[in-house]
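> Mind folding the following:
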Amino acid sequence: MNKIKVGHDPHGIAVNSQTHMVYVPNFYSNTVSVINGSLKKLIGTIDVGTFPIGVAVDQIANIAYVTNVLSRSVSVINGLTNTLQQDISIDDVPTGIAVDPALHKVYVTSAFGKVVVIDSTTTTVKNKIPVQNGPTGIAVDHNNHKIFVANSLSSSVSIIDGTNETVSGTIKVGRNPIGVAVDPTISLAYVTNFLSNTVSVLDTSRKSVKATINVGNFPTGVAVEPQTHVVYSVNGGSFDLPLPGSVSIIDGTSNIERARVEVENFPIGIDIDQSTQMVYVANARSDTVSVFEGR
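So this is what the prediction gives:
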């Protein structure tokens, strides 16, 4: 396993599998670290807004979008030059973020109980969709343009129809859901429940919970490898002590945790390079990114 030093308190993480560039928002540094995944090294640092927390990549346009909590904005990063292109003011407190390149839409969860829709062609706010309390993680099923939102304070997941931008359903999950990821090839979504120490498996076509998987303590981020149907859940381990966290490796076909990999202190974000199968984990309290080969 490799370890790469980044800024202070990295939270989210996103990989462009076309360019193998990895973008890491550093909450207390007000920067985004850029890692070259092919070289496994830090190649740049970009100044963004105040308290950056979430990140998503439009791999077609080669653009990274970063949510800035205190600035109430989304920073747009040019992936070709790895420089700040512009900031989009959203007049909300942004947390999670996801992109649907085919619809040219960026979806941002807001602490005010909404999902802000940004038109990526005009970089303007297009709509604000009410969801339940405390929306955090968000993911897009690109096959049918459905958006899944983890509502941390409502213990639920809202499902949004990306075509007409309306809520089409709500699913109850475990306590304090934080992260969400979608495997569009088998119509399943995975939600980490921070206070239940579980991952809820959602049947996206039936809008119901299919299974519940026990993982490590304080699970936060989650990512899926659709080709192998392997799910990776990051577990903070200890909320207070400087102890290692872990990554639960879940078989998405049997919904069984088959292994657990130790990483550094309080991991939060995770993403996978779908081309190389390399897994990247943002360790918030170690100021590092762990890199290991997918299973």
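> quick one: Y23 and S75 touch, right?
No. Counting by CB atoms under 8 Å, Y23 does not reach S75; the two are 10.3 Å apart. From N, CA and C alone the C-beta is placed, and that goes for glycine too.
> Look at the two and report which has more neighbours.
Neighbours were counted for Y23 and for S75 using other CB atoms under 10 Å; Y23 has more, 26 against 23.
> three-state assignment of the more buried one?
The three-state label for Y23, taken from DSSP: H, G, I helix; E, B strand; the rest coil, comes out as strand.
> give the contact list for it.
Y23 is in contact with 13-16, 32-35, 55, 57, 64, 66, 77, counting by CB atoms under 8 Å, 6 or more residues apart in numbering.
> which ones among the residues you listed are found in strands?
Applying DSSP state E to those, the entries found in strands are A14, V15, N16, V32, S33, V34, I35, V55, V57, A64, V66, I77.
> how about TSV for the residues you listed, with neighbour count, distance to D87 and pLDDT added?
TSV is the format used below for those (neighbours: other CB atoms under 10 Å; distance: CB to CB, whole Å; pLDDT from 0 to 100):
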residue	neighbour count	distance to D87	pLDDT
A14	27	18	98
V15	26	23	98
N16	20	20	98
V32	27	13	98
S33	24	18	98
V34	20	18	98
I35	23	22	98
V55	29	14	98
V57	25	17	98
A64	29	13	98
V66	28	9	98
I77	24	10	98
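> low-scoring stretches of the chain, by residue?
For the chain, residues meeting the criterion pLDDT under 70 lie at 239.
> Relative to the centre of it, find the outermost residue for me.
L241 (24.3 Å; CA atoms, centre = their mean).
> Can you tell me how far that residue is from N217?
From L241 across to N217, the span is 11 Å (CB to CB, to the nearest Å).
> what's the answer for V117, then?
The value you get for V117 to N217, if CB to CB is used, is 34 Å.
> which one of these two has more residues nearby?
Taking other CB under 10 Å, V117 and N217 do not tie; V117 has more neighbours (21 against 15).
> how much space between the residue farthest from the centre of the chain and V74?
Using CB to CB, one obtains 34 Å as the distance from L241 to V74.
> go on, A56?
10 Å.
> Looking at those two, which one has more neighbours?
Taking other CB under 10 Å, A56 and V74 do not tie; V74 has more neighbours (28 against 25).
> Need the contact partners of the helix or strand that the more buried one is a member of.
Taking DSSP states H and E as the definition, V74 sits inside strand 73-78. For strand 73-78, contacts defined as CB under 8 Å, 6+ apart pick out 23, 32, 46, 48-49, 52, 62-68, 83-90, 94, 97, 106, 108, 118, 123.
> so who does I129 touch?
Listed by CB under 8 Å, 6+ apart, the contact set of I129 reads K114, V115, V117, I160, E165, T166, V167.
> In ChimeraX, select just the buried ones from those residues.
Provided next is the ChimeraX selection string for whichever of the contacts of I129 are buried by 16 or more other CB atoms under 10 Å:
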select :114,115,117,160,165,167
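> Now flag whichever of the contacts of I129 is closest to T185.
The shortest approach to T185 among the contacts of I129 belongs to I160, at 20.5 Å (CB to CB).
> and that closest one, how far is that from P130?
Taken as CB to CB, the span from I160 to P130 is 10 Å.
> Roughly how far does R295 sit from K146?
According to CB to CB, R295 and K146 sit 28 Å apart.
> More neighbours: which of these two?
Neighbours per residue (other CB under 10 Å) separate R295 from K146, with K146 holding more: 24 against 15.
> residues touching that one, list them.
K146 is in contact with V140, I159, I160, D161, G162, S168, T204, counting by CB under 8 Å, 6+ apart.
> top of those residues by neighbour count?
Neighbour counts for these (other CB under 10 Å) peak at V140, which has 25 neighbours.
> State the next helix or strand along the chain beyond the helix or strand that contains that residue.
Per DSSP H and E, V140 falls inside strand 135-141. Downstream of strand 135-141, the first helix or strand assigned by DSSP H and E is strand 146-151.
> Sheet-wise, list the partners of that following strand with their directions.
Strand 146-151 has its sheet partners listed here by DSSP bridges as strand 135-141 (antiparallel), strand 156-161 (antiparallel).
> got the angle between the helix or strand just after the shortest one and strand 146-151?
Meaning strand 156-161. Per DSSP H and E, the first helix or strand lying C-terminal to strand 156-161 is strand 166-172. Strand 166-172 and strand 146-151 are oriented at 50 degrees to each other (axes from the mean of the first three to the mean of the last three CA atoms, to 10 degrees).
> from now on call the first residue 55
Fine by me, first position is 55 from now on; the one you just mentioned is strand 220-226.
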